[in-house]
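Peer 1: coordinates only, sequence not included:
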C-alpha cells in the first residue's frame, strides 16, 4: 500500500500519490483525494494512513478534499524525527492544514485523537471540528507491572512480531475483508530502516497534554467508539466521559473494536459524513 502512484487526476481516484510535508527534522507522508472543504485524517500508533481506506474515498465522493497523513516514523513518513507523541503529531497536523489551506476537520484514531484535541485547542482558527475514533485523550488507569511488560514487548527486537500478533485482538468483532492483507502491509512497513525503533518510541507517548487542554476545545466534536474496543474497560463510559468534556455527540458502533472506521464503514461513514456536512455548512 506504500508509495502508491496514479495516472489519473487525484480527484477521480481513491489511489492518490504520496506527498510529503517537510518538517524541521523529517518528512510526514500524506495523500489527498477529492476537492472541497478540507478533512485531515490521522491514524493510531503502529498503523498506516490506509486505515481510512473505507472512509476517505466516500468523503471525497461526497464533495470533500481528504488528506490522509501517516504518523511520523510510520508508513511512508521518515523515521528521522527526534520525538514522537501527541503534541508532535498535533503540530504536524497543524502544519499540514496550513500547507493545504485550511481550515479543516480533523479525524483522529486512537492516539491521534489526543493529538487532534491538542491541535484544536492550540489553533481554533484552523480546526473547524473533530472526529475522535477509538480516542485516547487521557492516560488510562493501569497496572504498573502490565505497563512495564508492555514497554518491554514494544522494544526491539520484539516490537514488530508482537504488534503483528496483537493486532487481530484490536479488531474485536467484525474484521474488514482485506484484514490479512492490511496486517501484512502494517508489518512490512515496520521492516523499513528505523521504523521499528520509531514505533517503539511512539508507544511511550503520554496523553496528559491532550487531557490538560480538553477544556479549551470549543468546536463541534463527534466521538466514534467501537462497542467492543478492547483498549477500554468500558468503551461507553470512556466515550461519555469525553463527550461530557467536549459537549460531543457519541456514536457507539456495534461489532467493532478499536478501528470502527474500517470494521463497520456501513455505520461509520454515514455518521461522519453527516457530521462533516453540518460542520462545513456552519463554517
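Peer 2: Thanks, I have the structure now. Quantities reported herein were computed from a predicted structural model and do not represent experimental measurements.
Peer 1: how about the helices in this protein?
Peer 2: With DSSP state H as the criterion, the chain has helices at 56-61, 86-100, 111-122, 144-153, 159-170, 179-190, 195-202, 208-213, 235-246, 260-263, 265-282.
Peer 1: state the mean pLDDT of stretch 42-51.
Peer 2: Taken as a whole, stretch 42-51 has a mean pLDDT of 97.
Peer 1: and the most centrally placed residue in the chain, how close does it get to residue 218?
Peer 2: Centroid-nearest residue in the chain, with CA atoms, centre = their mean: residue 43, separated by 2.3 Å. Residue 43 is 25 Å from residue 218, where distance means CB to CB, to the nearest Å. Glycine gets a C-beta too; all of them are placed from N, C-alpha and C.
Peer 1: ok, back up a step: just name the most buried of the helices of the chain.
Peer 2: Mean neighbour count (mean count of other CB atoms under 10 Å) peaks for helix 111-122 among these, with a mean of 29.
Peer 1: give me the angle between that one and helix 235-246.
Peer 2: Relative orientation of helix 111-122 versus helix 235-246 (axes from the mean of the first three to the mean of the last three CA atoms, to 10 degrees): 10 degrees.
Peer 1: now helix 111-122: mean pLDDT?
Peer 2: Rounded mean pLDDT across helix 111-122 is 98.
Peer 1: likewise stretch 218-228?
Peer 2: Stretch 218-228 comes out at a mean pLDDT of 97.
Peer 1: please identify the buried residues of that stretch?
Peer 2: 219-228 (16 or more other CB atoms under 10 Å).
Peer 1: now the terminal residues of it, how far apart.
Peer 2: From its first residue to its last, stretch 218-228 covers 29 Å (CA to CA, to the nearest Å).
Peer 1: gap between it and the chain center?
Peer 2: 13 Å (CA atoms, centre = their mean, to the nearest Å).
Peer 1: with stretch 27-41 instead?
Peer 2: With CA atoms, centre = their mean, you get 13 Å for stretch 27-41.
Peer 1: which positions in that stretch come out as buried?
Peer 2: 27-34, 37-41.
Peer 1: stretch 67-87 now?
Peer 2: Per 16+ other CB under 10 Å, stretch 67-87 contains these buried residues: 67-79, 81, 84-87.
Peer 1: hang on, the earlier thing: comparing the helices of the chain, which yields the minimum mean pLDDT?
Peer 2: Lowest mean pLDDT within the helices of the chain: helix 144-153, at a mean of 56.
Peer 1: so what's the nearest residue to residue 140 once chain neighbours are set aside up against?
Peer 2: In space, and not counting its chain neighbours, residue 140 is closest to residue 232: 7.0 Å by CB to CB, 6 or more residues apart in numbering. Each residue near residue 232 by CB atoms under 8 Å, 6 or more residues apart in numbering is listed here: 140, 225, 238.
Peer 1: do that again at 10 Å, thanks
Peer 2: 134-136, 140, 225-226, 238-239, 241, 258 (CB atoms under 10 Å, 6 or more residues apart in numbering).
Peer 1: so can I have CSV of those residues showing distance to residue 61?
Peer 2: Shown next, in CSV, are the contacts of residue 232 (distance: CB to CB, whole Å):
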residue, distance to residue 61
134, 24
135, 26
136, 30
140, 36
225, 25
226, 24
238, 31
239, 28
241, 34
258, 26
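Peer 1: which pair in these has the greatest spatial separation?
Peer 2: Greatest spatial distance in those: 241 and 258, 17.1 Å, computed using CB to CB.
Peer 1: how close does the residue lying closest to residue 280 once chain neighbours are set aside sit to residue 104?
Peer 2: Using CB to CB, 6+ apart and skipping residues adjacent in sequence, the residue nearest residue 280 is residue 37, 4.4 Å away. Distance of residue 37 to residue 104, computed by CB to CB: 8 Å.
Peer 1: what touches both of these two?
Peer 2: Common neighbours of residue 37 and residue 104 (CB under 10 Å, 6+ apart) are 64-66, 128, 279, 283.
Peer 1: most neighbours of all those residues, which one?
Peer 2: Top of these by neighbour number is residue 66, holding 30 neighbours under the definition other CB atoms under 10 Å.
Peer 1: what's the burial count for residue 204?
Peer 2: Residue 204 - counted by other CB under 10 Å - has 12 other residues nearby.
Peer 1: try the one 3 residues further on
Peer 2: Residues within reach of residue 207, counting by other CB under 10 Å, total 22.
Peer 1: now do the contacts for it.
Peer 2: 85-86, 111, 113-115, 117-118, 135-140, 214.
Peer 1: all set now, cheers.
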